[in-house]
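Enquirer: Give me coordinates for this.
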Amino acid sequence: MQLLLEDTAIGGNTAGPGVVVVNVYINHEKKFAFVEMRTVEEASNAMALDGIMFEGVSVRVRRPSDYNPSLAAALGPSQSSPHLNLAVVGLTPGHGSAVGGAEGPDRIFVGGLPYYFTEAQIKELLESFGPLRGFDPVKDRNIGNPKGVVYSHRGAYLNALSSILTCGMVSMPVYLWSVPMFHCNCWSFAWAMAAQGGTNVCLGNVTTKAYYDAAWKEIENLHACVGGTSVRDDQRILMSGVHVVVGTPGRVFDMLRRHSLRPDNIKMFVLDEADEMLSRGFKDQIYDIFQLLPSKI
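Expert: Next comes the predicted model:
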């Protein structure tokens with residue numbers, strides 16, 4: 001590979017002949033390598049190797065995750081030289097310019113595409129707006145189909161900011177996840193949490209008990225209204241003021257009926273596992289609860 005990189009510099013650099021690769025770190029387990037080049041120019045030229053076939057395998061070349069195009073521009077070219085001649089060493093230029101695209105501020109994020117679209121259909125759709133300079137669909141790890149998004153650092157950055165603004169996220173928030181971080185880490189919400197110095201609470205097994213136990217540890221002023229406990233204690237705690245109430249239908253209805261749980265103060269009502277409760281005879285109790293809730297909920 002060293003010889004390959006040296007030869008591909010023919011016609012494409014100003015540093016002249018010599019050892020192009022300074023250092024290589026190979027991770028055999030995850031099948032990737034970090035390659036440190038002699039100059040910025042030669043590192044950019046190496047991006048032209050993206051997509052070439054090497055020993056029967058398509059080579060995938062990417063910039064480091066912390067690569068900043070704006071800062072790198074002051075050090076040297078960020079694109080491979082147009083004079084680079086891969087044919088000299090018997091290589092056909094890869095499809096990096098058509099598949100992965102160059103990292104930079106011009107990359108955009110496209111989301112909300114139907115999940116059943118194939119890669120070819122997504123590409124055809126995007127090309128209807130004009131020629132593509134890059135195309136890098138995010139794929140499902142299990143089945144290999146596109147996940148309805150085309151990912152970029154700029155898109156993730158903008159999505160994270162929009163999450164902060166849309167959700168009115170305060171500093172140092174705590175978020176309890178009940179679904180996997182899919183679609184670019186839940187539309188970059190995990191990165192929005194990091195930007196605000198927040199804490200992500202994740203569950204290995206998402207059950208009602210695990211969810212409640214995790215919430216009990218992280219949320220202040222949380223109270224459980226369940227059968228088999230003291231009604232007076234529930235009344236006293238609810239009257240003193242709580243932020244979150246978790247309860248069974250019967251006890252929640254009783255607290256509403258006694259005016260210990262004031263419906264006017266309820267901002268959000270979550271009916272968890274509704275199908276299970278409705279199939280087990282709680283339909284009337286749930287109906288009675290909704291009759292006592294404000295219409296705005």
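Enquirer: which SS state does Asn23 fall under?
Expert: strand (DSSP: H, G, I helix; E, B strand; the rest coil).
Enquirer: Retrieve the pLDDT associated with Asn142.
Expert: Asn142 is assigned a predicted lDDT (pLDDT) of 58.
Enquirer: same question, the one 3 residues further on
Expert: Reading off the confidence values, Asn145 has pLDDT 63.
Enquirer: looking at the protein, which helix or strand does the model trust least?
Expert: Here the helix or strand of the chain ranked lowest by mean pLDDT, DSSP states H and E is helix 2-7, holding a mean of 44.
Enquirer: Just say helix, strand or coil for the most far-flung residue of the chain relative to its centre.
Expert: In the chain, the residue that sits farthest from the middle, by C-alpha atoms, centre = their mean, is Arg232; the gap is 45.3 Å. Following three-state DSSP, Arg232 is assigned to helix.
Enquirer: and it, what does it touch?
Expert: Applying C-beta atoms under 8 Å, 6 or more residues apart in numbering, one finds that Arg232 lies in contact with no residue. For the C-beta atoms, the positions are set from N, CA and C on the backbone; glycine is no exception.
Enquirer: mind checking how far it is from Met239?
Expert: Separation of Arg232 from Met239 (C-beta to C-beta, to the nearest Å) stands at 11 Å.
Enquirer: Thr229 too?
Expert: Counting by C-beta to C-beta - Thr229 and Met239 are separated by 16 Å.
Enquirer: pretty sure Asn200 is in a strand, no?
Expert: Yes - secondary structure of Asn200 (three-state DSSP): part of a strand.
Enquirer: Contact partners for it?
Expert: Asn200 neighbours (C-beta under 8 Å, 6+ apart): 175, 177, 190, 193.
Enquirer: cool, Tyr25 as well?
Expert: Tyr25 neighbours (C-beta under 8 Å, 6+ apart): 33-34.
Enquirer: is it in a bridge, and if so with what?
Expert: Phe34 (DSSP bridges).
Enquirer: For Pro294, which non-adjacent residue is closest in space?
Expert: Residue nearest to Pro294 in three dimensions, not counting chain neighbours: Pro263, with 5.7 Å by C-beta to C-beta, 6 or more residues apart in numbering.
Enquirer: related to what we said a few turns ago, I'd like to know which of the contacts of Asn200 are buried.
Expert: Buried members of these, scored by 16 or more other C-beta atoms under 10 Å, are 175, 177, 190, 193.
Enquirer: List the backbone torsions phi and psi for Arg154.
Expert: Here is the backbone geometry of Arg154 (degrees, to the nearest 10): phi -60, psi -40.
Enquirer: count of residues packed around it?
Expert: 15 (other C-beta atoms under 10 Å).
Enquirer: separation between it and Val201?
Expert: For Arg154, the distance to Val201 - C-beta to C-beta - is 29 Å.
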